[in-house]
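[1] Quick check, what structure comes out for this input:
(one chain, ligands or ions: 1)
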Amino acid sequence: MLVIVKENYESMSAEAAKIIANRMRRKPNLVLGLATGSTPLGLYKELIRMHKNEGLDFSTVTTFNLDEYVGLPPSHDQSYDYFMQQNFFKEININPRYVHVPQGMTKDVNAFCEWYEKRIVEFGGIDLQILGIGGNGHIAFNEPGCSLGSRTRIKTLTEKTRNDNARFFSSMDEVPKYAITMGVGTIMDAKELLLVANKSNKAKAVKAAVEGPVTATCPASIIQMHRNTFVVLDKESSALLEIEYVDTWESMLFE
Ligand code: PGA
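    Below is the predicted model:
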């Protein structure tokens, strides 16, 4: 695991984007795993800037998103499909045929989840998976206590997650109860992982994920079992770490 700590959110986002751009230049048909949430917004912005100013080419890149709410159509402004279109896809030259976001409106969730797993394999597996981390150590919708071997499946949202998200909906009834999410096992099959975190409210989860025991109580701690993991942090989210870390990845591991 290579832990990189940057001064602030902007430099953290730029560092993460630099890793992704490097992998895209090395393998133009890269299979990129994507995450939603507020943390990766900065790195998407930086990738958009690189596309517009430096010609970073997404035309042969394939993407797979981690998760999606069940019951929300892509047109719903709280769906993850909508989030990705607005914050990333509409600004780059990605081929829509190579974009995959779990289908929250599918009639057959189990068949869809099986198809999603197969589709990832058909594309040769995910090369680089971007991950955020929840304050409770979740990755995607894999909450504490989940199976560390899990595959893409439907999960019931915890009451806490539903309450946290309620502010984005006009009533509690509208807040989705279920989500489709890649499993921890699906995530671990990616060839490289890139976990990003910022702000002090993530410091405990980052500490547990990077230095704590590997446990389903903190699903993100499984990244310690992965051979090729980048963890890119701002100063605040790294505050509780005791191990050595670096301030740039260039000319380091995995090259
Ligand atoms: P955030 O969410 O980036 O909005 O903090 C991260 C997560 O819950 O995975």
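
[2] Could you list which residues are in contact with the residue of the stretch 151-255 of the chain found nearest the ligand?
    Each residue of the stretch 151-255 of the chain has a distance to the ligand, by CB to the nearest ligand atom, and the smallest belongs to residue 202, at 7.0 Å. The way it works is simple: take the backbone N, C-alpha and C, and place the C-beta from them, glycine included. With contacts defined as CB atoms under 8 Å, 6 or more residues apart in numbering, the neighbours of residue 202 are 133, 135, 236, 237.

[3] same for the ligand: which of those residues are within range?
    residue 133 (CB under 6 Å from any ligand atom).

[4] Could you find the lowest-pLDDT member of the contacts of residue 202?
    Lowest-confidence member of the contacts of residue 202: residue 135, scoring 93 (pLDDT).

[5] Tell me, how many residues neighbour that residue?
    The tally of other residues near residue 135 (other CB atoms under 10 Å) stands at 14.

[6] Please, where are all the strands along the chain?
    If you assign secondary structure with DSSP state E, the strands in the chain sit at 2-6, 31-34, 62-65, 67-69, 99-100, 128-131, 153-156, 178-181, 192-197, 229-234.

[7] quick one: average pLDDT of the third one?
    Okay, so that is strand 62-65. Here strand 62-65 scores 98 as its mean pLDDT.

[8] just checking, what packs against that strand?
    With contacts defined as 3 or more CB pairs under 8 Å, 6 or more residues apart in numbering; DSSP states H and E, the secondary structure elements packing on strand 62-65 are strand 31-34, helix 80-87, strand 99-100, helix 109-122.

[9] before we move on, back to that, could the strands of the chain go into CSV alongside mean neighbour count and distance to the ligand?
    Rendered in CSV, the data for those read as follows (neighbours: other CB atoms under 10 Å; distance: least, CB to the nearest ligand atom, whole Å):
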stretch, mean neighbour count, distance to the ligand
strand 2-6, 20, 16
strand 31-34, 23, 12
strand 62-65, 23, 12
strand 67-69, 23, 9
strand 99-100, 18, 19
strand 128-131, 26, 7
strand 153-156, 17, 13
strand 178-181, 23, 11
strand 192-197, 25, 8
strand 229-234, 26, 12
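
[10] returning to that earlier point: in ChimeraX, select just the buried ones from the contacts of residue 202.
    Here is the ChimeraX selection string for the buried members of these, based on 16 or more other CB atoms under 10 Å:
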select :133,236,237
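
[11] what does the model give the residue in the chain that the ligand sits nearest to for pLDDT?
    Ranking the residues of the chain by distance to the ligand (CB to the nearest ligand atom) places residue 37 first, at 2.8 Å. Reading off the confidence values, residue 37 has pLDDT 93.

[12] hang on, it packs against residue 131?
    No - shown here, residue 37 and residue 131 do not form a contact pair, counting by CB atoms under 8 Å, at 9.7 Å.

[13] who touches the nearest residue to the residue of the chain closest to the ligand once chain neighbours are set aside in this structure?
    Residue nearest to residue 37 in three dimensions, not counting chain neighbours: residue 132, with 4.4 Å by CB to CB, 6 or more residues apart in numbering. By CB under 8 Å, 6+ apart, the contact set of residue 132 is 35, 36, 37, 39, 40, 139, 195, 196, 197.
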